[in-house]
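# Sequence and predicted structure below; questions after.
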Amino acid sequence: MSYVLDTTVLSALMRAERGPSTRLLRERPVDVVLPQPAVAEIHYGLARLPRSRRRRELEGRLAALLVAMQRAPWTDDVSRQFGEVKADLERRGERVDDFDVAIAAHALAIGAAVVTRNLRHFTRIRGLQVEDWT
């Protein structure tokens, strides 16, 4: 099984939370990827923090994770999946943030499961495998 980590899980890894960290170590590095939308959301969150020791520590932890983990490329198939998922959600009157749709599109394009704590949003997406590593 391959996995795409969402922003909530990447954030938990930055805080070295036991559940996600332990589970990540059980997986082969080639089977777990970060989509750029999750990386972008983390950078946004860090940019909103005041300059402090905590911010520097989190930035250092993010840098270490980015060195260690592969990115899922944004391909034409990801773009197609994004359009299909967003249109399907609209037709059903469901609301999911665009960044979450983009993360899901990455997983669908490569046949992976999304690892998230935000089950409420991701389980609305048809055909998407979702796991919570907490």
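Arrived safely, thanks for sending. Numbering: from 1, shown residues only.
# Just the pLDDT for residue 88.
As predicted, residue 88 sits at a pLDDT of 98.
# quick one: it and residue 128 touch, right?
No. Assessed by C-beta atoms under 8 Å, residue 88 is found out of contact with residue 128, at 10.9 Å. (C-beta placed from N, C-alpha, C; glycine too.)
# which of these two has more neighbours?
residue 128 (19 against 15; other C-beta atoms under 10 Å).
# Any chance of the backbone angles for the more buried one?
The phi/psi pair for residue 128 (degrees, to the nearest 10) reads phi -90, psi 130.
# which non-adjacent residue is nearest it?
Distances taken as C-beta to C-beta, 6 or more residues apart in numbering place residue 104 nearest to residue 128, at 5.3 Å, with adjacent residues excluded.
# Just the C-alpha atoms of stretch 65-84, please, in CSV.
Output of stretch 65-84 as CSV, limited to C-alpha atoms (Å, rounded to 0.1, in the frame of the first residue of the first chain):
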residue,chain,number,x,y,z
LEU,A,65,11.0,15.7,7.1
LEU,A,66,11.3,17.3,3.7
VAL,A,67,14.8,15.9,3.3
ALA,A,68,13.7,12.5,4.3
MET,A,69,10.4,12.2,2.4
GLN,A,70,9.5,12.1,-1.3
ARG,A,71,7.0,14.4,-2.8
ALA,A,72,4.1,13.3,-5.0
PRO,A,73,4.4,15.3,-8.2
TRP,A,74,1.5,17.3,-9.5
THR,A,75,0.8,15.7,-12.8
ASP,A,76,-1.9,16.0,-15.5
ASP,A,77,-3.7,13.0,-13.9
VAL,A,78,-3.7,14.8,-10.5
SER,A,79,-5.3,17.8,-12.2
ARG,A,80,-7.9,15.6,-13.9
GLN,A,81,-8.7,13.9,-10.6
PHE,A,82,-9.0,17.3,-8.9
GLY,A,83,-11.5,18.5,-11.4
GLU,A,84,-13.6,15.3,-11.2
